[in-house]
Each structure stands twice: as structure tokens, then as C-alpha cells.
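> What follows is a predicted structure for the sequence shown.
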Amino acid sequence: MRNIKLTIAYDGTDFNGWQSQPGQPTIQGALTDVLERLTQRRLLIHAAGRTDAGVHAAGQVVNFKTQSSLSPQEFQHAFNALLPPSIRVNAAEEVGPDFHSRWDALAKTYRYRIFRGRVVPPFLWKYVLHDHTDLNFDAMADAAHLFEGEHDFSTFAASTGSEEDDRERTTVRTIYRSEWGRCPGSDANGAAEEWVYVVRGKSFLRHMVRKIVGTMMEVGRGRLSVAEVPGLMALRDRSKSRGTMPPHGLCLEEVEYPDPANSLAPREK
């Protein structure tokens, strides 16, 4: 049995998230359908992260096991020929039998983009949140660093949809990097800059990044102070979160795995 690893990118606009759902277009469903055409078997495809409906990915990693004799490059070419253009396989390789795209991941990096101009260019609107209102960027940047380290993120986690699963899951997560950056303006006057939130962590709870961004937006609007953020986290109560941002501004940028040639310690900030 061979184990094939794919690095994929997708525009999540027209998909109901990663996970297969009956009667719904999903990323996993599209990949599984193509893989069945190639192997004549209904195989299970694992992903590093189960992105929600409308969330995009630039560096999602998946794997599947197969007895097919197709080479990784043949799989890549065939997937790209049969998948919709909104899903692309950027790399393919054969890996060891024990590799698992989710359980072996050391860290994942997400990015949330906010477009600050008054008019969103038509080629950007599906990938950015549009907000040109007054926001205190410095306060949001200060708040971002409060999420770094190991914390219980219950306040910033959506329900799994099952009360039993909610009770049994662990909500403690480790965040290695949490910061805002400014991208140069892109309109004729150089005024339409983007604010980009980048967060890197071991793993994330459902809606966690979008809820964290929603809280920082409240800080930026002056409705919540930076000093209040730790107390909000300490409540461990998702009903106290300050809103969940729309999914289309969020993108899974990168997934990291062990490399024998490199240290597995968190990167320097």
C-alpha cells in the first residue's frame, strides 16, 4: 500500500468547507470523486485542517493510501485535469506508510486579510474583508500578542455541533505567532492598504481564528480595551466572544511537518 501526499490550493467560495457532506459541494468530496475515477476505488482522503465553508487554502496538505501504480506526478497531472479550476494540486510525493497529514502536522499558519480602501477591486473581493471605518491598528497589534503562548481558547471556539463532543474535547491550544501587518496601498493614490493578521499555531479550534479576529476588531473600534482581552479569555465561555468574522477573508497558508535536518522547535518570531 502506497501513501501519497498532495499539497493543494483552493478558492473556497463555492464549497461548503473541506469535509464531505451529502448533496453539498466540498473540497474533500471533489478530490474523492476524482480519486475514485483514477483508482476505481472509493478511498479516504485526510487533510491537515478541516477548513470551513468559504475559507480558502494556499497550502493545504492531504494524503491517501492506494495500491495504484500511478506515480505522484501522474496523480498531480490527472487531478488537475479533472478537478474544477478552483482546486489545484501544486505538489505530489510518495511518503512513508505512517505519515498522516493531520496528526503529523507541527504547525499551521493562517492569514486573515482586511481591505481598507473605499472600493474593493473586483479581483480581490472574494478574498478580503472590506472595512474602511476608523480602526486603531496599534491597539489591535497589541491585542494580537496576548494570544501567543498556551491558553484555553474556549471563549474563541464554536460548538462542534455535538454537546457530547464539546464536553470531551480539549480547548487548550498553543499559538507561536500572532501579529498584524500592513501591506502597501494598491489604488491610484496608494491609500488602499490591507491589514493582514497572521497566526501560527500547533492546531486550532473551529472558528477560532475568525473569533480572535472579531475580538481584535472590537478592540480596534474602541468597544473593548486591550487590557480586557485576557479577562475575556479567562471566562472560557464561547457566548462571551465578540463575534465571528466572515470566512472569505481567511486562508490556510502553510502546514509544517517534521524534517530530520531541522529543529522542531517553534520558529523565532
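That came through fine.
> all helices of the stretch 151-269 of the chain, in order?
For the stretch 151-269 of the chain, the helices defined by DSSP state H, counting those that start in this stretch occupy 163-168, 208-220, 229-234.
> Run the chain-centre distance for the second one.
A distance of 15 Å separates the C-alpha centroid of helix 208-220 from that of its chain, computed with Cα atoms, centre = their mean, to the nearest Å.
> highest average neighbour count across the helices of the stretch 151-269 of the chain?
helix 208-220 (a mean of 24; mean count of other Cβ atoms under 10 Å). Every residue, glycine included, has its C-beta placed from N, CA and C.
> got the contact list for that helix?
Residues from elsewhere that reach helix 208-220 (Cβ atoms under 8 Å, 6 or more residues apart in numbering): 110, 112, 131, 135-137, 139-140, 143-144, 147, 153, 155-158, 173, 178, 180, 197, 199, 224-226, 229, 232, 238, 241-247, 249-250.
> List only those of the residues you listed flagged as buried.
110, 112, 131, 135, 139-140, 143-144, 147, 153, 155-158, 173, 178, 180, 197, 199, 224, 226, 229, 232, 238, 241-242, 244-245, 247, 249-250 (16 or more other Cβ atoms under 10 Å).
> In strands only, show me the residues you listed.
Counting by DSSP state E, these place 110, 112, 173, 178, 180, 197, 199, 250 in strands.
> shaky segments in the stretch 151-269 of the chain?
160-168, 186-191, 260-269 (pLDDT under 70).
> for the stretch 1-150 of the chain, that is, sorry about that
With pLDDT under 70 as the threshold, the stretch 1-150 of the chain has no low-confidence stretch at all.
> What segments of it are strands?
2-10, 46-47, 56-66, 87-95, 107-115, 129-130, 149-152 (DSSP state E, counting those that start in this stretch).
> Find out how far the third one is from the centre of the chain, if you would.
Yep, that's strand 56-66 we're talking about. Counting by Cα atoms, centre = their mean, strand 56-66 comes out at 12 Å from the chain centroid.
> okay, now the nearest residue to residue 17 once chain neighbours are set aside: neighbour count?
With sequence-adjacent residues excluded and distances taken as Cβ to Cβ, 6 or more residues apart in numbering, residue 17 is closest to residue 53, at 4.4 Å. Neighbour count for residue 53, taken as other Cβ atoms under 10 Å: 18.
> and if you look at residue 227?
Around residue 227 there are 11 residues (other Cβ under 10 Å).
> Quickly note the distance from it to residue 80.
50 Å (Cβ to Cβ, to the nearest Å).
> Please apply the same query to residue 204.
28 Å.
> Dig out what residue 151 forms beta bridges with.
residue 173 (DSSP bridges).
> ok, it - contacts?
By Cβ under 8 Å, 6+ apart, the contact set of residue 151 is 172-173, 175, 233.
> how deep is the nearest residue in space to residue 257 that is not next to it in sequence tucked in, by neighbour count?
Among residues not flanking residue 257 along the chain, residue 104 sits closest, at 5.6 Å (Cβ to Cβ, 6+ apart). Number of residues near residue 104 (other Cβ under 10 Å) recorded here: 18.
> can I assume residue 104 is in contact with residue 255?
No - in this structure, residue 104 is not within contact of residue 255 by Cβ atoms under 8 Å, at 9.5 Å.
> Distance of residue 105 relative to residue 253?
Residue 105 sits 13 Å away from residue 253, taking Cβ to Cβ as the criterion.
> go on, residue 84?
The spacing between residue 84 and residue 253, counted by Cβ to Cβ, is 22 Å.
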